[in-house]
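Asker: I would like to see how this sequence folds:
(chains A and B)
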Amino acid sequence: MPDNKVLADRLKMFADLSEIKGENPFRLIAYRRVAETLEELDEPVEQMVREDRLTEVPGVGPGIAASLKEMVDTDHWEALDELQDEVPATLLTMLDVPGVGTKSVARFYHELGITDLVQLEACARQGEIRKLKGFGAKQEARILSGIAFLNQRTGRLSIGTGLPAAEALARELSTRLGVAVAIAGSIRRMCETVGNLDLVVASDNAEAIAATLAESGRVTEIEYVETTVVTGKHAAGVEIRVLATNPDEYGSELFRWTGSREFVAAFERQFAAESRAASEDQLFEALGIVPIPPELRESPEVIELSRTNALPHLIEVSDIRGDLHLHSDWSDGHGTILEMATAARERGYEYLSISDHSGGLAIAHGVTVERLRQQRAEIERVNEEIPELRLLKASEVEVHLDGSLDFPDDVLVELDLVVASLHSGLNRSTEELTKRIVKVMRNPHVDIIAHPTGRIIERRPGGSYDWDTVFKVALETGTALEINANPARLDLRDDVARDARRAGVLLTIDTDAHDVRSLDLMRYGIGVARRAGIEPTGVLNTRPLAALLDWLRR
DNA sequence: AACTGAAGAGTTGTGGCGCCGGTGCGCCA
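Answerer: The predicted structure is shown next:
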């Protein structure tokens, strides 16, 4: 029985293939809209089919309802099968290449007989692409560098998918077996992508573990490795490995299974004594050193910091007092200002920045100057309604190609907080990009640079800067750089965030939430900050409201 | 394909950038 995610994926696939085929574009929009809605739907589509309520979903009419019903009933979709006979599904792999869209794919297919990424690369190498009308050497080079970027993809899972998947299984194992279960491996270290889901269970009952995994419905191909490790394939697309351990060595095994490999090897060399511990804290205590947070267990150098009690006091989710970059339904967000504010209050925040897109980002229904002033009235109304939370009048202002901003200074000055964002021209040269961002930071109204590189992990490389210059100017102008907490972005990256902080640059960790639920993505940004060794004092939105307002008046 | 607001038909997803080719088109946020 296909779940909502699978149904959404099939609708998207249908839309992409129809677009390559050259169908009515508005039909595709209809399919894609429903796909996006399904991904955020709380209720299983299957249940709605049973109760004949599908058309309650916005955007679902008779046509799409029939398709969804067919997929739920038969696990097949005739129309998609037929479409694939005309347009091979392998063509879709070419759409991953930045700068290659459906029109190009259709031409590669019809004019050169190319059906997948491998053939596209071969043809580009042989100079076949430039022979097509409308293409040239430059396009061909762009395609090749795009493919080179794609070839670096690891096939690893986003932490944004891996962590919740691991948590769900850990909960099931813990409930079922009544024992402690911990997430280990790269997920525990909050790496941006993860290759395996690793769990450690304080029970040597491997059979019960295997049975629970099987019953979860998320794990297949379950096998034993020796008698203490159960492995399987998780539905999210990675291997899952569960270690069954005696409770008296649960801590030491968790330590080993957390890694990194390099860190653990160095650690074991330095502390050669046989160590068994029921908890990690006991392990560290027995060695007489300060516990090392999992996020710092990459390079062995951190061991020395532990020995000398010089570890940073890492930031935690609970240190965050507000979110400074998010969206409401005034632009492309899905929640009203009141809904976002209520959710923020529920999370214990003191303040929240309503930073909808500026008018220049038209596809996101960017807010024009006129609507910005109307929005201000709404923000003031909600501020009165929820006195415990302070809403800041803000904007995510588009940066133009020349480094100028989408709103003139006399509009910016009316805002409490200005978040500046580059969304285009990110593949320009390092020099040009650095010059552009420096110009933005020198605008006295700009407070925060959002997702500075614009990368999308494993999908889009993002811009490159001369970071030393960026940090220098950020420090000089008092501009904060964002760690965007969305797991698809995590931008700044951990190592860049570390360098920024070392240079004295103030950071901010924001979710860029487009709906109420995404406010909870904060923990991924905190994960990046912790990996970067960052303390609460280095992060703007750990400050109390009064201190934040002081800073904004700087 | 779906929605609106009419009883059939119009509208929905905008604007800038980059490349190619000499004015236009595809891609992307």
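Asker: List the buried residues for stretch A:326-341?
Answerer: Buried residues in stretch A:326-341, counting neighbours by 16 or more other Cβ atoms under 10 Å, are found at A:326-331, A:333-335, A:337, A:339-341. Placement of C-beta: from N, CA and C, glycine included.
Asker: let me redo that: stretch A:473-484
Answerer: Judged by neighbour count using 16+ other Cβ under 10 Å, the buried positions of stretch A:473-484 are A:473-474, A:477, A:479-484.
Asker: Tell me where the model's unsure across chain A.
Answerer: Counting by pLDDT under 70, chain A contains low-confidence residues at A:273-274.
Asker: Please enumerate the strands of it.
Answerer: Counting by DSSP state E, chain A has strands at residues A:157-158, A:181-183, A:193-194, A:196-201, A:219-225, A:229-234, A:239-244, A:322-323, A:351-354, A:390-398, A:417-421, A:448-449, A:480-484, A:507-510.
Asker: Against which helices or strands is the last one packed?
Answerer: In this structure, strand A:507-510 makes packing contacts with strand A:480-484, helix A:494-502, helix A:522-531, judged by 3 or more Cβ pairs under 8 Å, 6 or more residues apart in numbering; DSSP states H and E.
Asker: one more time with 6 Å, if that's ok
Answerer: Judged by 3 or more Cβ pairs under 6 Å, 6 or more residues apart in numbering; DSSP states H and E, strand A:507-510 is in contact with strand A:480-484.
Asker: same thing with the second one?
Answerer: With contacts defined as 3+ Cβ pairs under 6 Å, 6+ apart, the packing partners of strand A:181-183 are helix A:159-177.
Asker: which strands and helices sit next to the helix it packs on?
Answerer: Using 3+ Cβ pairs under 6 Å, 6+ apart as the contact criterion, the neighbours of helix A:159-177 among helices and strands are strand A:181-183, helix A:185-188, strand A:196-201, helix A:206-216.
Asker: How about residues contacting the first one?
Answerer: Contacts made with strand A:181-183 from outside it, assessed by Cβ atoms under 6 Å, 6 or more residues apart in numbering, are listed as A:166, A:170, A:173-174, A:200-201, A:254.
Asker: How about the second one?
Answerer: Outside helix A:185-188, the residues that touch it by Cβ under 6 Å, 6+ apart are A:162-163, A:166, A:194, A:196, A:198, A:258, A:294.
Asker: chain center to it: distance?
Answerer: On the basis of Cα atoms, centre = their mean, to the nearest Å, the separation between the geometric centre of helix A:185-188 and that of its chain is 16 Å.
Asker: next one: stretch A:248-261
Answerer: The answer for stretch A:248-261 is 27 Å, by Cα atoms, centre = their mean.
Asker: Tell me which residue is most central in chain A.
Answerer: Most central in chain A under Cα atoms, centre = their mean is A:P487, positioned 1.7 Å from the mean C-alpha point.
Asker: Verify the stated contact: it with A:I159.
Answerer: Yes. The pair A:P487 and A:I159 passes the contact test of Cβ atoms under 6 Å, sitting 5.4 Å apart.
Asker: which parts of the stretch 351-500 of chain A sit against DNA strand B?
Answerer: For the stretch 351-500 of chain A, the residues in contact with DNA strand B under the definition Cβ under 7 Å from any atom of the strand are A:360-363, A:400-401, A:423-425, A:427-428, A:456, A:460.
Asker: Let me have these in JSON lines, extended by neighbour count and distance to A:N443.
Answerer: Formatted as JSON lines, the entries for these read as follows, by neighbours: other Cβ atoms under 10 Å; distance: Cβ to Cβ, whole Å:
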{"residue": "A:G360", "neighbour count": "17", "distance to A:N443": "15"}
{"residue": "A:L361", "neighbour count": "20", "distance to A:N443": "18"}
{"residue": "A:A362", "neighbour count": "10", "distance to A:N443": "22"}
{"residue": "A:I363", "neighbour count": "8", "distance to A:N443": "24"}
{"residue": "A:H400", "neighbour count": "15", "distance to A:N443": "12"}
{"residue": "A:L401", "neighbour count": "11", "distance to A:N443": "15"}
{"residue": "A:H423", "neighbour count": "16", "distance to A:N443": "17"}
{"residue": "A:S424", "neighbour count": "13", "distance to A:N443": "18"}
{"residue": "A:G425", "neighbour count": "16", "distance to A:N443": "17"}
{"residue": "A:N427", "neighbour count": "16", "distance to A:N443": "23"}
{"residue": "A:R428", "neighbour count": "16", "distance to A:N443": "19"}
{"residue": "A:I456", "neighbour count": "16", "distance to A:N443": "26"}
{"residue": "A:R460", "neighbour count": "18", "distance to A:N443": "26"}
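Asker: Let me know the closest of those residues to A:R142.
Answerer: Of all these, A:N427 has the smallest distance to A:R142: 8.7 Å, by Cβ to Cβ.
Asker: Excluding chain neighbours, give the residue nearest to that closest one in space.
Answerer: By the measure of Cβ to Cβ, 6 or more residues apart in numbering, the closest residue to A:N427 outside its immediate chain neighbours is A:G463, 7.0 Å from it.
Asker: Relative to DNA strand B, which residue of the stretch 351-500 of chain A is the closest?
Answerer: A:H423 (2.8 Å; Cβ to the nearest atom of the strand).
Asker: could you measure that residue against A:V397, distance?
Answerer: Counting by Cβ to Cβ, to the nearest Å, the separation of A:H423 from A:V397 is 11 Å.
Asker: cool, A:T90 as well?
Answerer: When Cβ to Cβ is the yardstick, A:T90 and A:V397 sit 41 Å from each other.
Asker: More neighbours: these two, which one.
Answerer: Between A:T90 and A:V397, counted using other Cβ atoms under 10 Å, the more crowded position is A:V397 (29 against 15).
Asker: If you drop the residues flanking it in sequence, what lies closest to the more buried one?
Answerer: Excluding the flanking residues, the one nearest A:V397 by Cβ to Cβ, 6+ apart is A:S358, at 4.6 Å.
Asker: Equivalent analysis for A:D204, please.
Answerer: Counting by Cβ to Cβ, 6+ apart, A:A244 is the residue found nearest to A:D204 once chain neighbours are left out, at 5.1 Å.
Asker: what's across from that neighbour in the sheet?
Answerer: Judged by DSSP bridges, the bridge partners of A:A244 are A:V201.
Asker: got the contact list for it?
Answerer: When contacts are counted by Cβ under 6 Å, 6+ apart, A:A244 touches A:201, A:203-204, A:206, A:209, A:228.
Asker: distance of it from DNA strand B?
Answerer: Applying Cβ to the nearest atom of the strand, to the nearest Å, one obtains 44 Å for the distance of A:A244 from DNA strand B.
Asker: where's that residue relative to A:A532, distance?
Answerer: Shown here: A:A244 relative to A:A532, a distance of 34 Å by Cβ to Cβ.
Asker: go on, A:A211?
Answerer: With the distance defined as Cβ to Cβ, A:A211 ends up 40 Å from A:A532.
Asker: same deal with A:T511?
Answerer: Using Cβ to Cβ, one gets 18 Å for the distance from A:T511 to A:A532.
Asker: So which of those two has more stuff around it?
Answerer: Just comparing A:T511 and A:A532: by other Cβ under 10 Å the higher neighbour count belongs to A:A532, 26 against 22.
Asker: separation between that one and DNA strand B?
Answerer: Remark: distance between A:A532 and DNA strand B (Cβ to the nearest atom of the strand) = 25 Å.
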